[in-house]
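*Asks:* below are the sequence and a predicted model; questions follow.
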Amino acid sequence: MTNPFQDVTSQTLFDAVLDAMLLVDESGRVVLANSVARQLLGYPEEEIIGLEVEALMPQQYRAHHRHYREAFNKNPEKRSMGSRVALVAQARDGKELEVDIGLSPFHAGKRLYTLVTFYIADKRRQSEASLRISEERLRLAKQAAGISVFDFDSKHKTLQCDEQMCRLWGADYIEQLNNKRFSTLIHPEDRTARQSELNRVSDPDSNREYHAEYRVINPADNSIRWVSAVGKMHFENGCPTRLIGIAHDITERKLLENKLQRQRAEAETLFTQQVASQTASAIAHELNQPLAAISAYSEVALHALENDTIDQNSLKRALEGCVKQAQRAGGSLHELMAFLQKGDLIRESLNLNEIVSEAVNIAKSNGYGKFHPVLQLEPDIPYVLGNRTQVLKILVNLLRNSVEAMHDSGMPLSTITITVRTNTNINMAHVTVQDSGPGMDPDTARRIFEPFFSTKPSGIGMGLAISRALAEANGGQLWLDPSSDSGATFHFTLPFAS
């Protein structure tokens, strides 16, 4: 019977294929063999054409394979490589080769043909072994480093992650940790900040580098773990497609940080109280004698006024003594304040946007980290003239007061908006710190800057008074916006360096 494929064109196309391929008819005879197959099996073209396919395998497999071929011809179907147990082929020199095969049956006219594609199975096994070794190394490296891998499809809102990340989230199987479950297991106080970071890196104009820290609640035992996640958002045609990254369990580090923060806050509070106590003691010591003298002179004057006959000289001496002692008290107080504030105020050109970012980091590292900062910074704002330490002190004091006010009101998430802009009316830098707390009643707002006035049981009421004094010492002003509709809003200004 005529072979429809026995022409130059068919053989040329067949030889162009890079895989080893045989074309076998329904009787099991080789119709075509490409050059890769001939080289692999060691047959010249004139010998392999017309050869029964069973002749290309060891003797012990041939009878069984004929039965298999007959069954296949009755129900031909495509079978891909790797879907069956590897077969053993026999080369012309008798060498046995373990191969994987793929079968693709088709009809030409009324005849059935099968395209047989095969390659050496040892190569596949070597590749699989190398892949297993690489995966094991990666697994051991991740386990040693305590990291997990995730892949978030932002277009379809699907999440893929490894088993270690599932265990961190309290999921037994990867299928259980979908994106919805992932989000609901994040601590309620951290969801907004995490979503804000996700929204930021989804902006094509961002640096696309993702970094977020949040707490995860394990549903099995309600334990809380801290997670640090870093990754990179990928885009296609300007749209975010995938966020690929790693997550690291930082619970132990956070516990240690919180312990150190508490110790530092306690030490700072104790130091502040001691300074306040010593300052008050020094003031009392300096004012005690003048006040006692003023009291005595005042009693003499009152006694003279009560008599029918007024001794003008005695009354004059008493009043002059009151004036003298009052001036003495004032002078002593000024000397004491000058001693406490001794030293020249060193002012320099400052990048206010950098100062704000630094103040946020200081506030968080000092135990006031439970807030979500929203920074609205004017780009390229001119440098300001001020003392770096004192400007930082103003900002940290305002942030700390805002966090404490919102925490005391029972708010689950503390959001503080810090705005830096140019106040064109006075040609100065204008900083606004606004929290989302309960705000202040009119009486508290009126007295908030008074020394020793505090709404906190353990407060000494000097923070805002000192902050206002520091703002004024740096050529600016600090005030409370009484008309703020939401939370407490503080403003302060600083002069530009130029």
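*Replies:* Thanks, I have the structure now.
*Asks:* center of the chain, which residue is that?
*Replies:* A212 (1.1 Å; C-alpha atoms, centre = their mean).
*Asks:* so it sits right up against E197, yeah?
*Replies:* Yes: the pair A212 and E197 qualifies as a contact (C-beta atoms under 8 Å) at a distance of 4.5 Å. Quick note: C-beta positions are derived from backbone N, CA and C, even for glycine.
*Asks:* what sits against I381?
*Replies:* Taking C-beta atoms under 8 Å, 6 or more residues apart in numbering as the contact definition, I381 lies against L352, N353, V420, R421, T422, A429.
*Asks:* phi and psi next, for it.
*Replies:* Main-chain dihedrals, I381, degrees, to the nearest 10: phi -70, psi 140.
*Asks:* gap between it and L480?
*Replies:* Distance, I381 to L480, by C-beta to C-beta, to the nearest Å: 23 Å.
*Asks:* show me which pair in the contacts of I381 is furthest apart.
*Replies:* Taking C-beta to C-beta as the measure, those span a maximum distance of 12.1 Å, between N353 and T422.
*Asks:* for Y383, give me the pLDDT.
*Replies:* Y383 is assigned 95 on the pLDDT scale.
*Asks:* begin at 758 from here
*Replies:* Let's use 758 as the start, then, which means that last one is Y1140.
*Asks:* for it, give me its contacts.
*Replies:* S1106, L1107, N1108, L1109, F1253, A1254, S1255.
*Asks:* residue ranges in the stretch 808-957 of the chain under the pLDDT threshold?
*Replies:* Within the stretch 808-957 of the chain, the ranges that satisfy pLDDT under 70 run 837-843, 878-888, 890-903, 927-937.
*Asks:* return the residues in contact with E804.
*Replies:* R849.
*Asks:* Three-state assignment for it, please.
*Replies:* Look at E804: counting by DSSP: H, G, I helix; E, B strand; the rest coil, its state is helix.
*Asks:* for it, give its distance to L1149.
*Replies:* Distance check for E804 against L1149: by C-beta to C-beta, it reads 89 Å.
*Asks:* quick revisit: quick check: the residue nearest to the centre of the chain is in a strand.
*Replies:* Yes: applying three-state DSSP, one finds A969 inside a strand.
*Asks:* who touches it in this structure?
*Replies:* A950, R951, E954, L955, S985, A986.
*Asks:* list the beta-bridge partners for the spatially closest residue to the first one that is not a sequence neighbour.
*Replies:* When the adjacent residues along the chain are set aside, A950 lies closest to H1129, with 4.5 Å between them (C-beta to C-beta, 6 or more residues apart in numbering). Counting by DSSP bridges, H1129 is bridged to T1172.
*Asks:* burial of H1129, as a residue count?
*Replies:* As a burial measure, H1129 scores 16 neighbours (other C-beta atoms under 10 Å).
*Asks:* quick one: neighbours of the nearest residue to G1220 once chain neighbours are set aside, just the number.
*Replies:* Nearest residue to G1220 in three dimensions, chain neighbours excluded: N1154, at 4.9 Å (C-beta to C-beta, 6+ apart). N1154 has 22 neighbours, counted by other C-beta under 10 Å.
*Asks:* quick check, N1154 in contact with S1224.
*Replies:* Yes: N1154 sits in contact with S1224 when judged by C-beta under 8 Å, with a separation of 4.7 Å.
*Asks:* circling back: can you flag which of the contacts of I1138 belong to strands?
*Replies:* Using DSSP state E to define strands, the subset of the contacts of I1138 located there is V1177, R1178, T1179, A1186.
*Asks:* that older thread, between the contacts of A969, which is nearest P1199?
*Replies:* Using C-beta to C-beta, the shortest approach to P1199 within the contacts of A969 belongs to A950, at 32.8 Å.
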